[in-house]
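Q: Build the 3D model from these lines:
(one chain, ligands or ions: 2)
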Amino acid sequence: MSTKVICIANQKGGVGKTTTAVSLAHGLSQKGRRVLLIDLDPQGQSATALGRSPEPGVFYLLTMGMTPQETTFVQSWVRFSGREGLYLLPGDQQTMAAQTVLNAQDKPISAIRHSINRFFKDGLHYIIFDTAPSVGGIQERAVWASDLVIVPTATEFLSADGVGKILLMLSILQEKKNWRGNLLGILPTFYDEQTRESKSTIEDLRERFDTSVLSPIHRATLLRECAAQGQTIFEMDPLCRAAKQYQALTQMVLKF
Ligand SMILES: Nc1ncnc2c1ncn2[C@@H]1O[C@H](COP(=O)(O)OP(=O)(O)OP(=O)(O)O)[C@@H](O)[C@H]1O
Ligand SMILES: [Mg+2]
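A: Ligands and ions are numbered 1, 2, ... in the order given. Next up, the predicted model:
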């Protein structure tokens, strides 16, 4: 089976990366797909968003070798989320130490791709990476390991500049490091059509990035509550606007 790998990335903090990673992962699993969400952010918030605790699974993924024993050990950190078809490889602060190891050992750009290859034979349809709000060894290698990248961005002033930076990184990886993946799209989040800031930001994004800009996710108090309760938007209220918008994103990903 070919496993599609999707990276959710933006070096800016608080733009909806984790919310998007968790919602998309659950959305895909609700469509009968087997999904592994890998939390590459030391904050460990993918776990809490699914009602679980951060754990050092990702540290081992990034630092252990590839012997059968080590592979079994890394796989033992995969957690069932309690939702059919949805699994999590949790991360925690130790992921920061893995970043240091990656840099110190000067691991190749393909390091994370090689590390996740050990999961493919488990019949996964999707692997989704949630990433930290920074640039560094892990982010670059996570993008390189991915077939598709989604860049969530809050609809606020200057967000287009941040998006420009990450798109630059994607094109450098394509041109200089032979990365074969693609941008799936820029996902405007916290959209509020009542505010001029939201409206002009969307216009600005569309002007600069054209058809790469996806339909926005509106600002929704319920999404904030989801994170606090360890439930996804599809569990909180599957009929609310935010759920429908993440459903639409899921449908789009399924077409790729
Ligand atoms: N569309 C939205 N409307 C309202 N609140 C949202 C929305 N999307 C995310 N949030 C809330 O905003 C906060 C930041 O979102 P999230 O954690 O998904 O961002 P992030 O980019 O992963 O942050 P970080 O960079 O720290 O990892 C969270 O409390 C989340 O519940
Ligand atoms: Mg996050």
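
Q: Show me the contact partners of the longest helix anywhere in the chain.
A: Assignment by DSSP state H gives helix 159-176 as the longest helix of the chain. Residues from elsewhere that reach helix 159-176 (C-beta atoms under 8 Å, 6 or more residues apart in numbering): 9-12, 15, 109, 135, 139-140, 143-144, 149, 151, 153, 179, 183, 186, 201, 204-205, 208-209. In short, each C-beta sits where N, CA and C put it, glycine included.

Q: show me which of these neighbour ligand 1.
A: By C-beta under 6 Å from any ligand atom, the members of these lying near ligand 1 are residue 15.

Q: Can you say which of the contacts of helix 159-176 are buried?
A: Using 16 or more other C-beta atoms under 10 Å as the burial test, these include 9-12, 15, 109, 139-140, 143-144, 149, 151, 153, 179, 183, 186, 201, 204-205, 209 as buried.

Q: any idea where the helices of the stretch 101-250 of the chain begin and end?
A: Here the stretch 101-250 of the chain has its helices, by DSSP state H, counting those that start in this stretch, at 111-120, 137-144, 159-176, 196-209, 221-229, 233-236, 241-255.

Q: can I assume residue 227 is in contact with residue 48?
A: Yes. Under the criterion of C-beta atoms under 8 Å, residue 227 makes contact with residue 48 at 7.2 Å.

Q: need the strands for the stretch 1-150 of the chain, in chain order.
A: Taking DSSP state E, counting those that start in this stretch to define them, one finds strands in the stretch 1-150 of the chain at 4-8, 35-39, 79-83, 86-89, 126-130, 148-154.

Q: burial of residue 238, as a residue count?
A: A count of neighbours around residue 238, defined by other C-beta atoms under 10 Å, yields 12.

Q: Now it. Its backbone dihedrals?
A: Main-chain dihedrals, residue 238, degrees, to the nearest 10: phi -60, psi -10.

Q: Name the nearest residue to residue 146, sequence neighbours excluded.
A: Closest residue in space to residue 146, ignoring its immediate chain neighbours: residue 7 at 3.9 Å, by C-beta to C-beta, 6 or more residues apart in numbering.

Q: Cool, thanks, talk later.
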